[in-house]
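Colleague: Sequence plus the predicted model coming up.
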Amino acid sequence: MAVALFAAVLLAPGGVASAADVPRLPKYVSVLSWNMCGAWDGCTAWEKPAEKVGLVVEAVEDDPSVAVVMLQEVCRGLHAEPLQERLGEGWQVQFRAAPVVPRYEKGNLVGPTDRADDLHKVNLCSADKRNVPPGGPPTDEAGVLVAMKKLPGSELHGENMSFVQDVRQGAACIKDTGNLLFACSSHFLNKVADPDEESRVRSGWNFRDQTFHLQAQGYRTVIGGDLNARPDTRPLQPLYEGNFEADVNLQRATHPEGKLDHVFFSDYGWDLVGASVDYPGTVEGLPGLFTLPRFGERLSDHSILKGVVEPVSGW
């Protein structure tokens, strides 16, 4: 399967640094992943987009080692653009709108079909009420984003990955061709939309194979997000090949239903330092605060997952 999928990963514009180049990465690299719960107007604290973005900015400013941020259930205008503005020129934010997936009720198709014109329909952000007349349809797009810090020697290229076996599924990605670093944020289907797990299994294989190709070129990769799967289940099995998970004890729940959020680092080029859930926190971990401390209320139904690694040479 991997060989067939490799052709799909030729994503980046511009030149690619030699795999032999020594990266100018800091001693430690931290990655945050959070389902912000901000795109649907029934989700936790959906009406507080500024506070959600502010929490991410606070996490970045409090820890200089944070170099990658993965967010899911966000909106382009409500979250991605303000995040880029607040992080400033030292960061790049890449957004991917989430295509609408087929939906069945009692065996009947009620969502979009597989016709070519339907493949381009994307989810809209019902949480963005700006410039929308009462009862009018949303206009902002909903999806996922990844943000990457501009490190010394960086040459950042934002890209959107589509999974080969289901082009509606994919990831927002950024490739640093200067430091041979690649990061992606994805949101796999939930159990309601994918009751037999088949879409998530295909997504797991596609996610793994498209990044494995870059690892073979000498790239350090970090991929993850809200993968709507618990540790060691079928959708995640492919991702354990050639990668390791930030939260190695597999016990830290990130959602009331368990651990659904994951950060995978490539075996190549990284050594694990540690992980924590909830922010603020350190590698050793602080008492769980579930995104409460700054604003006095829960800002999402998901906790923030933080993974920390040390760049190393080789495997």
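Modeller: Looks like it came in fine.

Colleague: rest of the way, CA atoms for contacts and neighbours
Modeller: Noted.

Colleague: Following the chain past whichever strand or helix holds residue 157, name the next helix or strand.
Modeller: According to DSSP states H and E, residue 157 maps onto strand 156-163. Next in sequence after strand 156-163, counting helices and strands by DSSP H and E, comes strand 166-176.

Colleague: related to what we said a few turns ago, now the strand holding residue 157 against strand 166-176, angle please.
Modeller: If you take axes from the mean of the first three to the mean of the last three Cα atoms, to 10 degrees, strand 156-163 sits at 160 degrees to strand 166-176.

Colleague: just checking, what packs against strand 156-163?
Modeller: Under the contact criterion of 3 or more Cα pairs under 8 Å, 6 or more residues apart in numbering; DSSP states H and E, strand 156-163 touches strand 91-97, strand 166-176, helix 198-216.

Colleague: change it to 10 Å
Modeller: Contact analysis of strand 156-163 by 3 or more Cα pairs under 10 Å, 6 or more residues apart in numbering; DSSP states H and E lists strand 91-97, strand 142-149, strand 166-176, strand 181-187, helix 198-216 as its packing neighbours.

Colleague: next one: it to chain centre, how far?
Modeller: Centroid separation for strand 156-163 versus its chain: 12 Å, with Cα atoms, centre = their mean, to the nearest Å.

Colleague: strand partners of it, parallel vs antiparallel please.
Modeller: strand 166-176 (antiparallel) (DSSP bridges).

Colleague: Let's see the strand it pairs with as CSV, backbone CA atoms only.
Modeller: C-alpha atoms of strand 166-176 as CSV (Å, rounded to 0.1, in the frame of the first residue of the first chain):
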residue,chain,number,x,y,z
ASP,A,166,-10.7,9.4,0.7
VAL,A,167,-9.9,12.8,-0.7
ARG,A,168,-12.4,14.4,1.7
GLN,A,169,-10.1,13.5,4.5
GLY,A,170,-6.7,15.1,5.0
ALA,A,171,-4.6,17.5,7.0
ALA,A,172,-3.2,21.0,7.1
CYS,A,173,0.5,20.8,6.8
ILE,A,174,3.6,23.0,6.8
LYS,A,175,7.0,21.9,5.4
ASP,A,176,10.2,23.6,6.5
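
Colleague: Next, the buried residues of that strand.
Modeller: For strand 166-176, the neighbour count (16 or more other Cα atoms under 10 Å) marks 168-176 as buried.

Colleague: Sketch out the low-pLDDT regions of the stretch 101-250 of the chain for me.
Modeller: Low-confidence segments of the stretch 101-250 of the chain (pLDDT under 70): 102-120, 249-250.

Colleague: middle-most residue in this protein, spatially?
Modeller: residue 185 (2.0 Å; Cα atoms, centre = their mean).

Colleague: from what I can see that residue touches residue 159, true?
Modeller: No: the pair residue 185 / residue 159 is not scored as a contact, 11.1 Å apart, by Cα atoms under 10 Å.

Colleague: who touches both of the two?
Modeller: Residues touching both residue 185 and residue 159 (Cα atoms under 10 Å, 6 or more residues apart in numbering) are 94-96, 146, 171-174.

Colleague: Need the max-distance pair from these.
Modeller: 96 and 174 (11.2 Å; Cα to Cα).

Colleague: coming back round to it: of the shared contacts of residue 185 and residue 159, closest to residue 275?
Modeller: Looking across the shared contacts of residue 185 and residue 159 and measuring by Cα to Cα, the closest to residue 275 is residue 146, at 18.9 Å.

Colleague: Could you check how far the closest one is from residue 197?
Modeller: According to Cα to Cα, to the nearest Å, residue 146 stands 25 Å off from residue 197.

Colleague: And for residue 252?
Modeller: Using Cα to Cα, residue 252 is found at 22 Å from residue 197.

Colleague: Please apply the same query to residue 128.
Modeller: Using Cα to Cα, residue 128 is found at 31 Å from residue 197.

Colleague: Over to residue 123?
Modeller: Distance, residue 123 to residue 197, using Cα to Cα: 21 Å.

Colleague: When residue 128 and residue 197 are compared, which one has more neighbours?
Modeller: A count of neighbours by other Cα atoms under 10 Å puts residue 128 above the other of residue 128 and residue 197, at 25 against 20.

Colleague: can you pull out the strands in the protein?
Modeller: For the chain, applying DSSP state E gives strands covering 29-35, 66-75, 91-97, 104-105, 108-109, 142-149, 156-163, 166-176, 181-187, 220-226, 243-245, 261-266, 270-277, 305-311.

Colleague: The ones you listed: which one's closest to residue 136?
Modeller: Closest of the strands of the chain to residue 136 is strand 142-149, at 16.6 Å (criterion: Cα to Cα).

Colleague: Could you check how many residues crowd around residue 75?
Modeller: Burial of residue 75 is recorded as 30 neighbouring residues (other Cα under 10 Å).

Colleague: can you check residue 36 too?
Modeller: As a burial measure, residue 36 scores 29 neighbours (other Cα under 10 Å).
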